[in-house]
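Colleague: Sequence plus predicted model, see below.
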Amino acid sequence: MWRNVQALRQISQRTISTASRRQLENKVSENQKLFQADNGLPVHLKGGAKDSLLYRTTAGLTLFGTMYTVYYLLVSSMPKKPN
């Protein structure tokens with residue numbers, strides 16, 4: 001059992017490491033230029049096609065949810081018909 005504990009300790013020490021194996025490129029300045037450009041677009045759409053798709057999907061789901069809520073409130077406010 002002690003061997004299992006030592007093996008688990010070694011594995012956990014190996015996987016949790018502060019040394020990075022690869023360096024990531026800093027893209028902050030590129031993103032700042034993109035989002036600060038004066039091109040007439042709102043900031044939530046400056047990311048491109050993905051941002052536009054996400055915005056339209058969110059707007060559509062919100063509109064659908066609002067319409068469904070109003071429908072359900074109208075149905076709930078009507079008295080039930082007697083059998």
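Modeller: Done, it's in.
Colleague: Might you report the residue contacts of residue 9?
Modeller: Taking CB atoms under 8 Å, 6 or more residues apart in numbering as the contact definition, residue 9 lies against nothing. The C-beta positions use only the backbone N, C-alpha and C, and glycine is treated the same way.
Colleague: how far away is the most centrally placed residue in the chain from residue 24?
Modeller: Central residue of the chain (CA atoms, centre = their mean): residue 54, 9.4 Å from the mean position. Per CB to CB, to the nearest Å, residue 54 is found 24 Å from residue 24.
Colleague: Return the per-residue confidence for the residue nearest to the centre of the chain.
Modeller: Looking at residue 54, its pLDDT reads 95.
Colleague: That one is in what secondary structure piece?
Modeller: helix 49-77 (DSSP states H and E).
Colleague: Could I get the buried residue list for that helix?
Modeller: By neighbour count with 16 or more other CB atoms under 10 Å, helix 49-77 contains no buried residues.
Colleague: So which elements touch that helix?
Modeller: Judged by 3 or more CB pairs under 8 Å, 6 or more residues apart in numbering; DSSP states H and E, helix 49-77 is in contact with no other helix or strand.
Colleague: Fine by me, thanks again.
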